[in-house]
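Asker: Here's my sequence, what's the structure:
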Amino acid sequence: MVVTGDVTQIDITGGRSGLLELEELLGEIEGISFIQLGQGDVVRHRIVREIVTAYDRSAQSRSIGAGVVRAGEPA
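Answerer: Residues are numbered from 1 along each chain as shown. I've put the predicted structure just below:
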């Protein structure tokens, strides 16, 4: 079985990651492994990149003339 998730997404009462709790409970059982991926492991598919770019273009076109400057753009 493979369970995937993001330990930083916390939506349970008490503000604790259910995935981290699961690892604490089951981590010592032989045959069960936990692998946590870091930022460098995340590779987006080309389509995801294009969707994000399309949203960025849309947001930028809506902000033209509104005096909005996005992070990383010259003021």
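
Asker: Provide a list of residue ranges in this structure with pLDDT below threshold.
Answerer: Scanning the chain with the threshold set as pLDDT under 70 gives 64-75.

Asker: Check it for its longest helix and report it.
Answerer: helix 46-63 (DSSP state H).

Asker: roughly how far out does it sit from the chain middle?
Answerer: Distance of helix 46-63 from the chain centroid (C-alpha atoms, centre = their mean, to the nearest Å) equals 17 Å.

Asker: One more: stretch 30-38?
Answerer: 19 Å.

Asker: Let's see it as CSV, backbone CA atoms only.
Answerer: Provided in CSV are the C-alpha atoms of stretch 30-38 (Å, rounded to 0.1, in the frame of the first residue of the first chain):
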residue,chain,number,x,y,z
GLU,A,30,8.9,-4.2,10.0
GLY,A,31,7.9,-4.0,6.3
ILE,A,32,6.5,-0.4,6.6
SER,A,33,8.6,2.4,5.4
PHE,A,34,8.1,6.2,5.2
ILE,A,35,9.7,8.4,2.6
GLN,A,36,9.5,12.2,2.9
LEU,A,37,10.2,14.1,-0.3
GLY,A,38,11.7,17.5,-0.2
